[in-house]
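> how would this look folded up:
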Amino acid sequence: MDLIGQVELLPEVLPGKSVAPLNAFCREKGIPLAHVVDLWRKGELDGLLCRVEGVGLNAVEVDWDAICPRRKVQLNQDLSLPETARYLKINVISIRHLRDKGFLSQVRERNPDTNHQKHYISKASIEAFERAYVTLGQMAAKQRVAPFHLARKLDIEGVCPIPCGGELVRVYYKREIGWDG
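Numbering: from 1, shown residues only. The predicted model follows:
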């Protein structure tokens, strides 16, 4: 049976599940649509998909907790810049700005075998950062909205990000926005 035919066989609701349209699910989770379709064809998403009004794949909704991102970063050690960016849900350039302005601390570790040095953002500085600040990406993920739309909303409400040396870094003081996340 073709893919469109399989859409018609999906249930209309998933009781007790928080669902999202397939395209929004893929975009927010950072998972390629082809990967989700492949898992669906293999039967690994049975009971995690439903059908709503719409045509083709636009009619498919996915249980929000169906697939955990492959590269979810845990804060159990110092993190590289890309790992810190994924953890804080912000881009690497913003992590560099935060590091350069002293919001995050960088540490250097040397491999004793190769004498190669690698730079990390310290776990302690990330924890301290999270006590006082929240990133746009973290707020958007918690509210399950697109960061772009949340940024526009905050701009309209006059909520300003932290000053970061003239660079726009979408990080906010928790106390100023009343974030209890």
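> for the rest of this, base every contact and every neighbour count on C-alpha atoms.
Fine.
> now do the strands in this protein.
Remark: strands assigned in the chain by DSSP state E are 19-21, 49-51, 60-63, 106-110, 117-121, 133-135, 171-173.
> tell me what the last one is packed against?
Right, strand 171-173. strand 133-135 (3 or more CA pairs under 8 Å, 6 or more residues apart in numbering; DSSP states H and E).
> neighbours around H119, how many?
14 (other CA atoms under 10 Å).
> ok, for the most centrally placed residue in the chain, nearest residue in space, not its chain neighbours?
Using CA atoms, centre = their mean, the residue of the chain that lies closest to the mean C-alpha position is K89, 5.1 Å off. Of all residues not flanking K89 in the chain, G137 sits nearest, at 4.7 Å (CA to CA, 6 or more residues apart in numbering).
> hmm, back to that, so which of the strands of the chain is nearest E12?
strand 49-51 (4.8 Å; CA to CA).
> for that closest one, packing partners?
Secondary elements touching strand 49-51 (3+ CA pairs under 8 Å, 6+ apart): strand 60-63.
> for the strand it packs on, name the packing helices and strands.
Using 3+ CA pairs under 8 Å, 6+ apart, strand 60-63 is in contact with strand 19-21, helix 22-29, strand 49-51.
> deepest of these, which one?
strand 49-51 (a mean of 23; mean count of other CA atoms under 10 Å).
> tell me the contacts of E176?
By CA atoms under 8 Å, 6 or more residues apart in numbering, no residues touch E176.
> what about the helices in this protein?
Taking DSSP state H, the helices of the chain run over residues 3-8, 22-29, 33-41, 81-88, 92-100, 123-132, 136-143, 147-157, 174-177.
> residue contacts, W179?
Contacts of W179 by CA under 8 Å, 6+ apart are V134.
> same question, Q143
Contacts of Q143 by CA under 8 Å, 6+ apart: none found.
> got it, and S122?
Contacts of S122 (CA under 8 Å, 6+ apart): Q77, D78, L79, L104, S105, Q106, V107.
> try 7 Å this time
With contacts defined as CA atoms under 7 Å, 6 or more residues apart in numbering, S122 is in contact with D78, L79, S105, Q106, V107.
> do the same with L39
L45.
> against V55, how distant is it?
20 Å (CA to CA, to the nearest Å).
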